[in-house]
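S.K.: mind looking at a prediction? Sequence and model below.
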Amino acid sequence: MSVHLTTDDWWLIAVGATVVYMAAMYWCMPTPKAKRRMFIAPLAGWMFLLPDATIKGYSVAHTLYFYSCVLMMFVIMLAPVAKRVGADIAEQEEKPWDKVPLNTFSLYWMVGSATACVTGVVYLWPLLA
């Protein structure tokens, strides 16, 4: 069983994932500095992902799949705990000399959701072949 999406479909999905990611990160991040850092991620993804995928011989569709999944993973990890993480980020930027501990629930949520997302990405990867 394979998913029958064309490369054009994956381009649309990647653009949609980028828009969702940027909107969610704009909403999640409490300070202009944090917002700028999160907006760099899609650009960095393209700068590192495309050459790596080309070297490994992945198709454009697989590359766009991976890119979209990574962006959505960040949304899934941060959006539900945005208020707590945002407060921690703002406090850290106000007091850069002190290490602000991450909220325990937020830490567990981010680790658990990242693990679930990576598992899903790996599980669905063969279905694209």
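M.R.: Good, I have the coordinates.

S.K.: now do the buried residues in the helix ranked longest in the chain.
M.R.: Longest helix in the chain by number of residues (criterion: DSSP state H): helix 32-56. Buried positions in helix 32-56, judged by neighbour count with 16 or more other C-beta atoms under 10 Å: 34, 38, 41-42, 45, 49, 53. Heads up, the C-betas are built off the backbone N, CA and C, glycines and all.

S.K.: give me the residues contacting stretch 80-98.
M.R.: 27-31, 33-34, 78, 99-103, 105-106, 109-110, 113 (C-beta atoms under 8 Å, 6 or more residues apart in numbering).

S.K.: how about it as CSV, C-alpha atoms only?
M.R.: Output of stretch 80-98 as CSV, limited to C-alpha atoms (Å, rounded to 0.1, in the frame of the first residue of the first chain):
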residue,chain,number,x,y,z
PRO,A,80,-0.2,22.7,23.6
VAL,A,81,2.4,24.0,26.2
ALA,A,82,2.9,27.4,24.5
LYS,A,83,1.9,29.4,27.6
ARG,A,84,4.3,27.6,29.9
VAL,A,85,7.2,27.5,27.5
GLY,A,86,6.6,31.1,26.5
ALA,A,87,6.8,32.2,30.1
ASP,A,88,10.0,30.3,30.5
ILE,A,89,11.5,31.8,27.4
ALA,A,90,10.5,35.3,28.4
GLU,A,91,12.0,34.8,31.9
GLN,A,92,15.2,33.5,30.4
GLU,A,93,15.6,36.5,28.1
GLU,A,94,15.0,38.8,31.1
LYS,A,95,17.6,37.1,33.2
PRO,A,96,20.1,35.6,30.8
TRP,A,97,22.6,35.0,33.7
ASP,A,98,20.2,32.6,35.5
